[in-house]
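J.: Give the three-dimensional model of this entry:
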Amino acid sequence: MEAIFGTWKNKKGSEENMDAFMEACKIPESARRVFLDRQYVVTYVKGDGDNKMKATVKVTNDPKLQEKSYEYELGKEFECDDIDGQHFKCTITWDGSKFVEYFVDSKGTKMEIQREITPDGVMKFAMTCLGVTASYTWEKA
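T.: Residues are numbered from 1 along each chain as shown. Prediction:
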């Protein structure tokens, strides 16, 4: 789990199957390009307690979006708003080799995100919504 701690940024151009994923998640056409153009930076640190973590999310190329910070305990459901203000119920677990994040939005739509750190030090990021998976790579910032 220690490998995820630190600051990460999404690697532009590494996206796969994003159009199909955004269509499955019913992301409006007008928002899709905005989402793909974003440069995300996420910082993970250990929280106070054995299974607690903190994550800070920032979009560096959109000054209108404010940085968001989250504190959570692995395996415990919590409620949060994403960087765009959409409300979710979320549970994050560690399965020994990757973080698995389970989200349910206010309409009941489920999404799963897996973050796995590879031996060469990159984060493989896969997200699934309604059976459609998209992926991209994150690098240490």
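
J.: Need the residues that contact the lengthiest helix in the chain.
T.: When the chain is parsed with DSSP state H, its longest helix is helix 29-37. The contact list for helix 29-37, computed with C-beta atoms under 8 Å, 6 or more residues apart in numbering, reads 15, 18-19, 22, 27, 61-62. Bear in mind the C-beta positions are built from the backbone N, C-alpha and C, glycine included.

J.: Sketch out the strands for the protein, chain order is fine.
T.: 6-10, 40-46, 52-59, 68-73, 78-81, 87-94, 98-105, 110-117, 123-129, 132-140 (DSSP state E).

J.: just to revisit the earlier point, could you pick out the buried ones from the contacts of helix 29-37?
T.: For the contacts of helix 29-37, a burial check counting by 16 or more other C-beta atoms under 10 Å picks out 15, 18, 22, 27.

J.: re earlier: give me the angle between the longest helix of the chain and strand 132-140.
T.: Per axes from the mean of the first three to the mean of the last three C-alpha atoms, to 10 degrees, the angle that helix 29-37 makes with strand 132-140 is 30 degrees.

J.: now helix 29-37: mean pLDDT?
T.: Averaged over helix 29-37, pLDDT sits at 89.

J.: For it, which residues meet the burial criterion?
T.: Going by 16+ other C-beta under 10 Å, helix 29-37 has these buried residues: Arg32.

J.: So in the chain, where's the weakest helix or strand by average pLDDT?
T.: helix 29-37 (a mean of 89; mean pLDDT, DSSP states H and E).

J.: then it to PDB, C-alphas only?
T.: Coordinates of each C-alpha in helix 29-37 appear next as PDB, following Å, rounded to 0.1, in the frame of the first residue of the first chain:
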ATOM      1  CA  GLU A  29     -21.400  15.100 -25.100                       C
ATOM      2  CA  SER A  30     -20.600  18.700 -24.100                       C
ATOM      3  CA  ALA A  31     -18.700  17.600 -21.000                       C
ATOM      4  CA  ARG A  32     -16.700  14.800 -22.600                       C
ATOM      5  CA  ARG A  33     -14.000  16.900 -24.200                       C
ATOM      6  CA  VAL A  34     -13.600  19.000 -21.000                       C
ATOM      7  CA  PHE A  35     -13.100  15.800 -19.000                       C
ATOM      8  CA  LEU A  36     -10.500  14.400 -21.400                       C
ATOM      9  CA  ASP A  37      -8.600  17.700 -21.500                       C
END
